[in-house]
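# Sequence below, structure please.
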Amino acid sequence: NGTGADAQAFSNSQPPKFANSSGWGALEAASRSPQPDLEQQIAAYQRAVRAVVVDDDIAARRWTAHQLEHDRRVQLCGSACSVASALKLIQNSVFDVMVVDFHLGDGTAIDVITRLKQVSPRTEALVLSCMGDDDCVIDAIRAGATGYLLKGSSGLQVADAIVQVVQGGAPINPVIARRLLTRSFGTADHSVQGGGGLADQLSVREKEILRMVSHGLTSTEIAQRLGISAQTVNTHVKNVYRKL
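Purely as a prediction, here's the structure:
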């Protein structure tokens, strides 16, 4: 409603923009095809990612929702303005990704993500917040968040992150990655060596990838530089999350 007081589930009798969900293996096969109708082939195997937005700031919530509504890869299924309304949304709606502000009027994203993972463990949580505090990041990851972006992120970056998490990615803002490097190693430059704590837990490859993320490289760009697959990059990032 206009006040944003309750959870809103957006019903839509129309089928998803991409109704055929035959799997990414088929999509990859299509991408290798030399036929000229490549775009139509890819579209045939994709469907829009179902997403909901939780934010107690009505202007921010409307802005995020507006951005997602204009991205053909995402189907906006609902919104909520508090922990209480988000819990109703979780109970009564089906979606793939929740984009949730960290600080809500009646609690935090931790309360929401914890319940989300109890009800639907495979549904992804993407935290979008103006807070870059290290503890908030780690608490969100520990609760089950797969990605953490700052509110300064563009609408395209948010939509990209939503798509990434359902494809096995683990998007994180480069600024936050640098803060985590500094927190863990005392510095974010490339000369860092193991020196106790997290530095000893991370492999050489994990440190290398985390530094590349901190410099703004995407999983695809990192994969190209290292000669590995983007999925392998995502696995390394998730391992860093787990060790945090």
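# host element of Arg179?
Secondary-structure assignment from DSSP states H and E places Arg179 in helix 174-185.
# same question for that helix, mean pLDDT?
The average pLDDT for helix 174-185 rounds to 75.
# and if you look at stretch 221-241?
88.
# Repeat that for stretch 71-81.
Across stretch 71-81, the per-residue pLDDT values average to 93.
# One more: stretch 205-215?
88.
# how about the CA coordinates for that stretch, as CSV?
Written as CSV, here are the backbone C-alpha positions of stretch 205-215 (Å, rounded to 0.1, in the frame of the first residue of the first chain):
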residue,chain,number,x,y,z
ARG,A,205,44.3,-18.9,-4.6
GLU,A,206,41.6,-17.6,-2.2
LYS,A,207,43.7,-14.7,-1.2
GLU,A,208,44.5,-13.9,-4.8
ILE,A,209,40.8,-14.0,-5.8
LEU,A,210,39.7,-11.9,-2.8
ARG,A,211,42.2,-9.2,-3.8
MET,A,212,41.0,-9.2,-7.4
VAL,A,213,37.4,-8.8,-6.1
SER,A,214,38.6,-5.9,-4.0
HIS,A,215,39.9,-4.2,-7.2
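# now that stretch, how far from the chain's geometric center?
Relative to its chain's centre, stretch 205-215 lies at 18 Å (C-alpha atoms, centre = their mean, to the nearest Å).
# Run through who's touching it.
Contact with stretch 205-215 is made by 172, 174, 177-178, 180-181, 188, 190, 192, 199, 202, 221-222, 225-226, 233, 236-237, 239-240, 243, as judged by C-beta atoms under 8 Å, 6 or more residues apart in numbering. In this view, the C-beta of every residue, glycine as well, is placed from N, C-alpha and C.
# For Leu126, list each beta-bridge partner.
Val99, Gly147 (DSSP bridges).
# mind listing what it touches?
So Leu126 contacts 97-100, 145-149, 158, 161-162, 165, 171 (C-beta under 8 Å, 6+ apart).
# I'd like to know which of the contacts of stretch 205-215 are buried.
172, 177-178, 180-181, 188, 192, 202, 222, 233, 236-237, 239-240 (16 or more other C-beta atoms under 10 Å).
# May I see the residues you listed arranged in JSON lines, with secondary structure as well?
Shown next, in JSON lines, are the buried ones among the contacts of stretch 205-215 (DSSP: H, G, I helix; E, B strand; the rest coil):
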{"residue": "Ile172", "secondary structure": "strand"}
{"residue": "Ala177", "secondary structure": "helix"}
{"residue": "Arg178", "secondary structure": "helix"}
{"residue": "Leu180", "secondary structure": "helix"}
{"residue": "Leu181", "secondary structure": "helix"}
{"residue": "Ala188", "secondary structure": "coil"}
{"residue": "Val192", "secondary structure": "coil"}
{"residue": "Leu202", "secondary structure": "coil"}
{"residue": "Ile222", "secondary structure": "helix"}
{"residue": "Val233", "secondary structure": "helix"}
{"residue": "His236", "secondary structure": "helix"}
{"residue": "Val237", "secondary structure": "helix"}
{"residue": "Asn239", "secondary structure": "helix"}
{"residue": "Val240", "secondary structure": "helix"}
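# Distance to Met212 for those residues - can I get that in CSV?
Written out in CSV, the entries for these read as follows (distance: C-beta to C-beta, whole Å):
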residue, distance to Met212
Ile172, 12
Ala177, 9
Arg178, 11
Leu180, 13
Leu181, 11
Ala188, 12
Val192, 13
Leu202, 13
Ile222, 5
Val233, 9
His236, 10
Val237, 10
Asn239, 15
Val240, 12
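# coming back round to it: columns pLDDT, neighbour count and distance to Asp135 on top of the contacts of Leu126, output as CSV?
Listed next are the contacts of Leu126 as CSV, based on pLDDT from 0 to 100; neighbours: other C-beta atoms under 10 Å; distance: C-beta to C-beta, whole Å:
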residue, pLDDT, neighbour count, distance to Asp135
Val97, 96, 24, 24
Met98, 96, 28, 21
Val99, 96, 28, 21
Val100, 95, 27, 17
Ala145, 91, 27, 13
Thr146, 88, 26, 18
Gly147, 87, 25, 17
Tyr148, 87, 28, 12
Leu149, 87, 21, 17
Val158, 92, 25, 23
Ala161, 91, 24, 21
Ile162, 93, 26, 25
Val165, 89, 24, 22
Pro171, 83, 23, 20
